[in-house]
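>>> Provide a 3D model corresponding to the input given below.
(2 chains)
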Protein chains: 2
Amino acid sequence: VGGLILTVWRFLVKAWNLGVAEPKKVIHAVKVGLALTIVSLCYYIRSLYEGVGGNAMWAVMTVVVVFESSVGATLYKSINRVTATFLAGSLGLGVHWISYKAGEKFEPIIIGISVFFLASAATFSRFIPSVKSRFDYGALIFILTFSLVSVSGYRVDGISELAFQRLSTIFIGTSFCILISILFYPTWAGAELHRLIYRNLEKLADSLDGYVIEYFDYEAVAEDSNHTKAMKGYKYVLDSKATEDNLAKFARWEPAHGCFNFQHPWKQYLKIGASIRSSAYCIEALSGCMDSEIQAPGIGYLKKHVSNACKTMNKFSSDILRELAITLKTMTKSSQMGSLVREMNIAVQQLQISLRSIPNCLIAPTSEDTTDEPSRKTCITPLVEVIPLTTFVSLLIENAARINGI
Amino acid sequence: VGGLILTVWRFLVKAWNLGVAEPKKVIHAVKVGLALTIVSLCYYIRSLYEGVGGNAMWAVMTVVVVFESSVGATLYKSINRVTATFLAGSLGLGVHWISYKAGEKFEPIIIGISVFFLASAATFSRFIPSVKSRFDYGALIFILTFSLVSVSGYRVDGISELAFQRLSTIFIGTSFCILISILFYPTWAGAELHRLIYRNLEKLADSLDGYVIEYFDYEAVAEDSNHTKAMKGYKYVLDSKATEDNLAKFARWEPAHGCFNFQHPWKQYLKIGASIRSSAYCIEALSGCMDSEIQAPGIGYLKKHVSNACKTMNKFSSDILRELAITLKTMTKSSQMGSLVREMNIAVQQLQISLRSIPNCLIAPTSEDTTDEPSRKTCITPLVEVIPLTTFVSLLIENAARINGI
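Now for the predicted structure:
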């Protein structure tokens, strides 16, 4: 029993910490509770909707299923649900009418065949990418409503009244959800996506800085845990693809809010995200070769030879990333961007010049140093690799920033 | 009208192509249709379950919502649904009894407060990682059932009978789903995960081979589209994280099937997947620097200097990847693995030796070649990088393969 209590206690502590760390999740939970309570209360006060009657459970069910943590997701599900219920309901009534005209003998056969074919077709359509990204939930609800209407049509009399009641309860439920999710501390998928992208840019800049400092001034920072944390920031960037895709999917259902319009170019964010990730891959490769080479001693003077050029170049790279983050954050066109990119390109050329002069250095200390050569190479060159990609990223994002700035 | 027909026609062609390419999806769609039709038919033949009555719509609804494309996902949802319905139903009855005892005045207040707090708590618990990965769907159903029971408890008499009926219909629905998904052409999430991982290994080996051939024998393959396709295989590996996580999540709900036991170490697959991805990051970096350096001419003789060592090393790397793929596929311990790893390590050392001798080569042709030096460096060294990672992967996967081989 003591073990059980301890487990439960630990679970509660974990939950509390999560709640403190991300109050948005607590707010969402409270909002769901609020929406459900209001809908239930409506059910208590009979007079409010005498016309809806015993189907009020559909309103409750709609609230539970449709309410998602972002406004976009709630809208996506609500619109899908109402549309699909309406379509499937009409179709179900149509099939019911046909089977009724065909006579009692054929009724179950017609209904069975139509359920089988429509359910199969709708399930299959959920695999088609264009349907999946927009109407996945709608297809599910379509199957559900169609089979319910055509099956219950066989029993319940006054089916059109039932269909109307169900549609109106679902409409009431979705309206509550949409109102509550927009009016009380709304969480916009678009704003989340915006924040995710510019935070990822900042994390990338921190990582890049961290690795260069780590490599050239190892002793200074070896014990600093904040520094290590900043360095590992790129790992979040690597795994953020699924989150970005989801947020972009929901963001396009959202109306204008804050500084975003309805037709905000959300797809541009996905492109920027992809570019950021391709830079993060480079940093990952860089970190891989640093882990394996950090032990090699005695290459200090070769390091020094390139360190200034590397540091300068890298400073411009991460400055560009930060500038981009600010540009995105404030959605204005940056005035410094052009000159930063130009300066970075100059720094890249300087680094290449200093790399070219290495063979001459090598001749001076002769064969003593050659044993360390592979390791030096492995560590410097990934930096060179980062440059074209960073430039690519910067140009692409500049482009996107301009679109946003309009 | 013509445009509309054309759009619909194109959509149908797309759907048909998808169906031909992946017959599994068609089979799944047919299975859903079958399950729904059977459940509907049960409803027609009254005598079959006189005891279940008008609540049969819950069976239909369960089939629609619970039936997923893999056995694991279906089991996960079924078990979650039945358990959550049972728990929430009991709790709802308890709350209903308490509020009944408290008198008519307090009844709506008690029910409202309990709905609010339980719904908020359950919604919040869905954000906690350990709950989310196993009981996400269960929490949703818990909220749904609890609010339905406590709200309808206010109206409907004989509530315990209602609860029993609902539970039994849900039980019937889930049983159908589980039986049909296991008996007719089952799609096991575990087998899918297994296939995904070893296909990713093969793709990675193809990409690695492709890039080395591309770099050292560019002219020979420049126009071969098959070759380019093989080279780009690593991109699928980069984006497969979300799929792997999902499959592993569902795989652990599956009973023993094929050559997998119930407690098959699915988490090992995730580790292998992460290692494969970290190798893919390296190839991505490699491809990035190749794209930017492929134009540089006149470094042919330096290329030749290292080409043999590189090719040999790379052959062993990709052989190891392929051997690992076979090892995983057949789940046997490989006899060649040890010697392959040893030979690769020897090849790595040879490559390092030939890299060390480069400064001497550079002295021979003097300054003519130095302009090309940075580009040569950028292209060769990522290969060196790949090695420690490949070795790491190989060791890790060997470990996992041994676990599988038991």
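>>> can you give me the helices for the stretch 151-300 of chain A?
Remark: helices assigned in the stretch 151-300 of chain A by DSSP state H, counting those that start in this stretch are A:159-183, A:189-216, A:218-221, A:225-231, A:234-238, A:241-251, A:266-293, A:300-330.
>>> Between the ones you listed, which has the poorest mean confidence score?
Here the lowest mean pLDDT among the helices of the stretch 151-300 of chain A goes to helix A:218-221, at a mean of 57.
>>> Show me what from the stretch 101-250 of chain A comes close to chain B.
Residues of the stretch 101-250 of chain A found near chain B (C-beta under 8 Å from any C-beta of the partner chain) are A:108, A:111-112, A:115-117, A:119-121, A:123-125, A:127-128, A:130, A:140, A:143-144, A:147-148, A:150-152, A:154-155, A:238-239, A:241-242. Bear in mind the C-beta positions are built from the backbone N, C-alpha and C, glycine included.
>>> I'd like to know which of these are part of helices.
A:108, A:111-112, A:115-117, A:119-121, A:123-125, A:130, A:140, A:143-144, A:147-148, A:150-152, A:238, A:241-242 (DSSP state H).
>>> buried subset of the residues you listed?
Neighbour counting by 16 or more other C-beta atoms under 10 Å in any protein chain shown classes A:108, A:111-112, A:115-116, A:119-120, A:123-125, A:140, A:143-144, A:147-148, A:150-152, A:238, A:241 among these as buried.
>>> Okay, now the unreliable bits of the stretch 1-150 of chain A?
Flagging of the stretch 1-150 of chain A using pLDDT under 70 yields the residue ranges A:43-56.
>>> As a check, name the ranges of all strands in it.
Secondary structure of the stretch 1-150 of chain A (DSSP state E, counting those that start in this stretch): no strands present.
>>> What are the boundaries of the helices in it?
According to DSSP H, counting those that start in this stretch, the helices that the stretch 1-150 of chain A contains are A:2-21, A:23-44, A:57-66, A:71-102, A:107-125, A:129-153.
>>> and residue A:255, which of the ones you listed is closest to it?
helix A:71-102 (8.0 Å; C-beta to C-beta).
>>> Pull out the buried residues from the closest one.
A:71-82, A:84-86, A:88-89, A:91-93, A:95-96, A:99.
>>> how big is the angle separating that helix from helix A:159-183?
180 degrees (axes from the mean of the first three to the mean of the last three C-alpha atoms, to 10 degrees).
>>> which other helices and strands contact helix A:71-102?
On a contact count with 3 or more C-beta pairs under 8 Å, 6 or more residues apart in numbering or on different chains; DSSP states H and E, helix A:71-102 meets helix A:57-66, helix A:107-125, helix A:129-153, helix A:159-183, helix A:189-216, helix A:241-251.
>>> Using a markdown table, lay out the ones you listed together with distance to residue B:161.
Formatted as a markdown table, those follow (distance: least, C-beta to C-beta, whole Å):
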| stretch | distance to residue B:161 |
| --- | --- |
| helix A:57-66 | 17 |
| helix A:107-125 | 28 |
| helix A:129-153 | 20 |
| helix A:159-183 | 23 |
| helix A:189-216 | 43 |
| helix A:241-251 | 41 |
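>>> is it true that residue A:64 touches residue B:139?
No. At 10.5 Å, residue A:64 does not count as touching residue B:139 under the criterion of C-beta atoms under 8 Å.
>>> who has more neighbours, those two?
residue A:64 (26 against 22; other C-beta atoms under 10 Å in any protein chain shown).
>>> Please report how far the residue lying closest to the more buried one once chain neighbours are set aside lies from residue B:81.
Setting aside the residues directly before and after it, residue A:64 is nearest to residue B:144 in space (C-beta to C-beta, 6 or more residues apart in numbering or on different chains), at 4.4 Å. Between residue B:144 and residue B:81 the computed distance is 10 Å (C-beta to C-beta, to the nearest Å).
>>> Compute the distance between the residue nearest to residue A:64 and residue A:126, please.
With C-beta to C-beta as the criterion, residue B:144 and residue A:126 are 22 Å apart.
>>> what do you get for residue A:180?
Taken as C-beta to C-beta, the span from residue A:180 to residue A:126 is 28 Å.
>>> same thing with residue A:65?
17 Å.
>>> same check, this time on residue A:22
31 Å.
>>> So for the two, which sits in the more crowded spot?
Neighbour totals were compared for residue A:22 and residue A:126, and residue A:126 leads with 21 against 12 (other C-beta under 10 Å).
>>> Now that one: closest residue in space that isn't a chain neighbour?
residue A:139 is the one closest to residue A:126 (C-beta to C-beta, 6+ apart), at 4.8 Å.
>>> list the contacts for that neighbour?
Applying C-beta atoms under 8 Å, 6 or more residues apart in numbering or on different chains, we find residue A:139 in contact with A:84, A:122-123, A:125-126, A:131.
>>> if we go to 6 Å?
Applying C-beta atoms under 6 Å, 6 or more residues apart in numbering or on different chains, we find residue A:139 in contact with A:122, A:125-126.
>>> Looking at the residues you listed, which is nearest residue B:104?
Nearest member of those to residue B:104, counting by C-beta to C-beta, is residue A:122, at 45.9 Å.
>>> ok, how many other residues are close to that closest one?
So residue A:122, with other C-beta under 10 Å, has 25 neighbours.
>>> my guess is it meets residue A:144, correct?
No. Counting by C-beta atoms under 6 Å, residue A:122 does not reach residue A:144; the two are 9.7 Å apart.
>>> Residue A:205 contacts residue A:321, doesn't it?
Yes. Counting by C-beta under 6 Å, residue A:205 touches residue A:321, with 3.9 Å between them.
>>> out of the two, which sits in the busier spot?
Counted by other C-beta under 10 Å, residue A:205 and residue A:321 do not tie: residue A:321 has more neighbours, with 26 against 23.
>>> Quick check: the gap between that one and residue A:275.
Residue A:321 is 11 Å from residue A:275, by C-beta to C-beta.
>>> repeat for residue A:75
Using C-beta to C-beta, residue A:75 is found at 29 Å from residue A:275.
>>> cool, residue A:320 as well?
From residue A:320 to residue A:275 the distance is 12 Å (C-beta to C-beta).
>>> next one: residue A:97
For residue A:97 relative to residue A:275 (C-beta to C-beta), the value is 55 Å.
>>> repeat for residue A:164
51 Å.
>>> If you count surrounding residues, which of the two has more?
The neighbour comparison of residue A:164 against residue A:275 (other C-beta under 10 Å) goes to residue A:275, with 20 against 15.
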